[in-house]
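# Can you look at this prediction? I've put the sequence above it.
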Amino acid sequence: MLRSALIRISALLTVIMIFVVVWEYRQSMNLIPDTGKVIQVKEVFVGRGGDNREFVIEYFIDRDKHILVTRRGIIDSSGAFCCLSVGDTVPIAVDRDNPFRTILDSFNARYAASLSFGALTLIFLISMVVVVIKRRLTK
């Protein structure tokens with residue numbers, strides 16, 4: 001009974017994972033690469049661990065000035081966006097239909113839900129394998 005439940009949950013997680021990846025891929029197809037300039041770095045959530053800064057990024061679309069206020073993801077903090085400071089230019093991705101929908105142009109920003117759900121799915125699958133192995137060893 002446990003085995004069939006684990007198989008059903010794994011199948012459900014796989015279907016959801018496929019849906020999330022396809023959905024995010026379709027969302028990112030409408031994004032076009034551009035560049036922005038960091039105009040301010042704000043300290044937020046003082047006293048907590050991790051990266052606690054927000055970055056204010058200025059970018060222009062058809063000579064109209066826009067502002068993006070964002071934080072970096074965990075993966076971005078150690079990658080190309082590790083050392084952002086005022087005056088740096090950064091790659092951004094702008095929705096061609098809605099210039100107010102803008103993100104940092106990184107894999108982490110484009111596929112945040114897929115990465116998060118994939119990590120949770122992986123943790124579940126590893127836990128499932130550990131449970132199955134433990135049950136076999138105790139028999």
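Happy to help now that I have it.

# quick one: what helix or strand has Ser4 in it?
Element membership for Ser4 (DSSP states H and E) is helix 2-29.

# now the strands for this protein?
Using DSSP state E, the strands found in the chain span residues 31-43, 53-61, 64-70, 89-95, 102-104.

# okay if I get the ones you listed as TSV plus mean neighbour count?
Where you see a C-beta, it was placed from the backbone N, CA and C, and this is true even at glycine. Shown next, in TSV, are these (neighbours: other C-beta atoms under 10 Å):
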stretch	mean neighbour count
strand 31-43	14
strand 53-61	17
strand 64-70	13
strand 89-95	18
strand 102-104	21
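
# Of these, which is nearest Thr121?
Thr121 sits nearest to strand 102-104 of all the strands of the chain, at 23.1 Å, using C-beta to C-beta.

# could you say what helices and strands that closest one packs with?
strand 64-70, strand 89-95 (3 or more C-beta pairs under 8 Å, 6 or more residues apart in numbering; DSSP states H and E).

# one more time with 10 Å, if that's ok
On a contact count with 3 or more C-beta pairs under 10 Å, 6 or more residues apart in numbering; DSSP states H and E, strand 102-104 meets strand 31-43, strand 53-61, strand 64-70, strand 89-95, helix 107-110.

# Just send the strands of the chain back as a markdown table, with distance to Phe19 and mean pLDDT too.
Listed next are the strands of the chain as a markdown table, based on distance: least, C-beta to C-beta, whole Å; pLDDT from 0 to 100:
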| stretch | distance to Phe19 | mean pLDDT |
| --- | --- | --- |
| strand 31-43 | 20 | 88 |
| strand 53-61 | 31 | 87 |
| strand 64-70 | 26 | 87 |
| strand 89-95 | 21 | 90 |
| strand 102-104 | 21 | 87 |
